[in-house]
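J.: here is my input, please return the structure:
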Amino acid sequence: MKRIFLYAILIIIGGNGFAGGMQDFRLNNSLACLSPDNKKLLFVSDNEDPVKIWNTETGSLLYSFPVRGEVTALTFSPDSQYAAAGVLLSREPVYASLSIWNTAAGELTAFTDSGISIFLKFNEDARSLSFGTYYINCWEEWFWESGEIKKLPERLIDQEHRSEKPDESLAVNKDLGIIVRVGREMGMPLVVQEIVTERELQTVRIDSSLPVRVLFFTETGDRLLTLHSGGKSEVLVWNPENWEIITRLEVEGFISQGCISSDSSLLFLHIYPYTGEIWSLETLSLRNTFSLRLPEESLYAAAENGDLELVKEILLQENLELDREIGSYASTALMAAAYRGHADIVSMLLEAGADPAPVNWQGKTALDIACDILHALENRTNQGSDPAISMQIRNQKRLISLLENI
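T.: Here you go, the predicted model:
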């Protein structure tokens with residue numbers, strides 16, 4: 001399920017662009033945010049995955065927070081102690097939420113219903129935060145303490161606002177008084193506009209055969225980064241005073257998303273599908289590479305897809321948590337295989353020690369799920385004979401027998 005395409009309302013409340021503690025909502029299937037102390041990465045890869053916090057130095061997973069919906073914005077507090085996410089739970093009717101976690105304890109600190117958050121930013125005291133919705137001039141401010149989030153009186157925090165269209169990216173430099181827009185198609189130039197009047201100042205030709213995926217200014221505003229993806233990827237670093245390219249950085253793989261640290265020293269790149277890279281912007285060198293996907297998540301996907309050989313390969317790994325809950329529905333690999341009717345994989349997982357007792361968010365075990373599928377198949381046979389369905393029923397009964405006799 002792709003992320004919703006919204007016209008993001010941009011309101012500048014300080015700084016030159018969006019970096020470090022605030023990550024803007026974009027069309028990419030992933031969102032990322034580096035903590036101000038540069039030690040943590042807040043990341044979500046798609047709508048089915050939990051929000052995760054990674055250690056940027058070791059590449060190890062610190063915490064995983066399940067969410068049920070589309071994550072639309074992520075941010076860290078200035079002291080790096082708290083992380084927040086805006087989540088769209090339903091589109092019709094529109095229903096969204098705001099969650100705040102303690103990143104030291106790995107606990108949910110506060111939760112409330114809210115408007116759809118496109119941009120999130122903690123205020124300096126870290127006890128209140130502001131977010132923008134996709135309604136014109138609509139910023140809300142919330143104060144939270146002891147697990148309770150209170151909405152403050154509505155007020156317009158800043159009158160400057162701009163929209164980002166579905167087919168473009170933009171970045172704002174408040175010190176220079178400019179907005180930079182670029183279309184996502186190949187060959188599109190940078191369009192430089194005044195913030196207040198939106199009057200076009202100039203267009204800048206991009207010397208690259210690859211379309212721009214994301215762009216943003218450094219916190220100091222003296223550099224603009226454009227992230228390009230196609231058959232390969234590259235990062236261009238621009239001088240916004242004269243629009244000359246300072247540096248060109250070639251990157252292996254397809255850049256899906258990126259963000260920059262608050263002090264503009266680090267660049268995070270999400271390389272599709274599951275690789276994270278931390279780059280030093282001072283030396284333009286790669287500092288760390290790590291997987292953004294746990295082996296248990298790979299096992300879940302292989303079990304769901306019926307990839308028997310890949311399941312065998314993953315099961316050879318040490319310290320594998322066979323019963324790890326995956327995704328927003330808290331399902332295990334065994335549940336995924338049972339749901340898809342992969343009896344051979346169910347047998348293999350059980351032999352490897354998978355526990356059939358855990359329940360998902362609906363309170364159902366793998367056996368419950370398998371029985372639900374069997375009942376659905378039997379109801380279909382009542383509407384007429386179908387050899388394919390009859391074969392599926394026999395396979396599902398074998399699968400259920402495996403789960404019942406463990």
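J.: now I389: which helix or strand?
T.: With elements delineated by DSSP states H and E, I389 resides in helix 387-404, which encompasses its position.
J.: that helix packs against which elements?
T.: Based on contacts counted as 3 or more C-beta pairs under 8 Å, 6 or more residues apart in numbering; DSSP states H and E, the elements that helix 387-404 packs against are helix 343-352, helix 366-381. For every residue, glycine as well, the C-beta is placed using N, CA and C.
J.: so which of the ones you listed is nearest K174?
T.: Checking the helices and strands packed on helix 387-404 against K174 by C-beta to C-beta gives helix 366-381 as the closest, at 52.3 Å.
J.: gap between the closest one and the chain center?
T.: Distance, stretch centre to chain centre, for helix 366-381: 33 Å (C-alpha atoms, centre = their mean, to the nearest Å).
J.: and the angle from it to helix 387-404?
T.: Going by axes from the mean of the first three to the mean of the last three C-alpha atoms, to 10 degrees, helix 366-381 is angled at 160 degrees with respect to helix 387-404.
J.: now the angle from helix 366-381 to helix 343-352?
T.: Orientation check (the same axes, to 10 degrees): helix 366-381 against helix 343-352 gives 170 degrees.
J.: helices and strands around helix 366-381, which ones?
T.: Short answer (3+ C-beta pairs under 8 Å, 6+ apart): helix 366-381 packs on helix 333-340, helix 387-404.
J.: how far off helix 343-352 does the first one point, in degrees?
T.: Same thing as helix 333-340. 160 degrees.
J.: so which elements touch helix 333-340?
T.: Partner elements for helix 333-340 (3+ C-beta pairs under 8 Å, 6+ apart): helix 295-305, helix 343-352, helix 366-381.
J.: on that earlier part again, just the helices and strands packed on helix 366-381: most buried one?
T.: Comparing the helices and strands packed on helix 366-381 by mean neighbour count (mean count of other C-beta atoms under 10 Å), helix 333-340 comes out on top with a mean of 27.
J.: which residues touch that helix?
T.: Residues from elsewhere that reach helix 333-340 (C-beta atoms under 8 Å, 6 or more residues apart in numbering): 296, 299-300, 302-306, 322-323, 326, 331, 345-346, 349-350, 354-356, 358, 360, 364-367, 369-370, 373, 399, 403.
J.: with only the CA atoms kept, save it in CSV.
T.: Only the C-alpha atoms of helix 333-340 are listed here, as CSV (Å, rounded to 0.1, in the frame of the first residue of the first chain):
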residue,chain,number,x,y,z
ALA,A,333,6.2,-16.3,10.4
LEU,A,334,4.1,-19.4,11.3
MET,A,335,0.9,-17.3,11.1
ALA,A,336,2.0,-16.0,7.7
ALA,A,337,2.6,-19.5,6.4
ALA,A,338,-0.7,-20.7,7.8
TYR,A,339,-2.6,-17.8,6.3
ARG,A,340,-1.2,-18.4,2.9
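J.: direction included, what does the helix or strand harbouring F290 pair against?
T.: Element membership for F290, per DSSP H and E: strand 285-291. Within its sheet, strand 285-291 is paired with strand 275-280 (antiparallel), according to DSSP bridges.
J.: how distant is the partner strand from the center of its chain?
T.: For strand 275-280, the distance from its own C-alpha centre to the chain's C-alpha centre is 16 Å (C-alpha atoms, centre = their mean).
J.: give the buried residues for that strand.
T.: Residues of strand 275-280 classed as buried: T275, G276, E277, I278, W279 (neighbour count, 16 or more other C-beta atoms under 10 Å).
J.: again with stretch 309-329
T.: Those would be L310, V311, I314, L315, L320, L322, D323, R324, E325, I326, G327, S328, for stretch 309-329 by 16+ other C-beta under 10 Å.
J.: helix, strand, or coil at R213?
T.: Under DSSP: H, G, I helix; E, B strand; the rest coil, the three-state class of R213 is strand.
J.: cool, and F268?
T.: The three-state label given to F268 by three-state DSSP is strand.
J.: quick one: low-confidence parts of the chain?
T.: 1-29, 47-48, 115, 118, 131-167, 382-385 (pLDDT under 70).
J.: tell me the domain boundaries of it?
T.: 8-291, 295-404 (automatic domain parsing).
J.: and I271, what does it touch?
T.: By C-beta under 8 Å, 6+ apart, I271 lies in contact with S233, V251, E252, G253, F254, I255, S256, E277.
J.: just the buried residues of the residues you listed.
T.: By the neighbour-count criterion of 16+ other C-beta under 10 Å, these include these buried positions: S233, V251, F254, I255, S256, E277.
J.: ok, and the closest non-adjacent residue to the third one?
T.: In space, and not counting its chain neighbours, F254 is closest to Y272: 4.3 Å by C-beta to C-beta, 6 or more residues apart in numbering.
J.: neighbours of the one you found, how many?
T.: Here the number of neighbours of Y272 (other C-beta atoms under 10 Å) works out to 16.
J.: pretty sure it is touching E252, no?
T.: No - under the contact definition of C-beta atoms under 8 Å, Y272 does not touch E252, with a separation of 11.5 Å.
J.: picking up where we left off before, okay, the helices and strands packed on helix 333-340 in a markdown table with distance to D79 next?
T.: As requested, the helices and strands packed on helix 333-340 are arranged in a markdown table below (distance: least, C-beta to C-beta, whole Å):
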| stretch | distance to D79 |
| --- | --- |
| helix 295-305 | 30 |
| helix 343-352 | 43 |
| helix 366-381 | 43 |
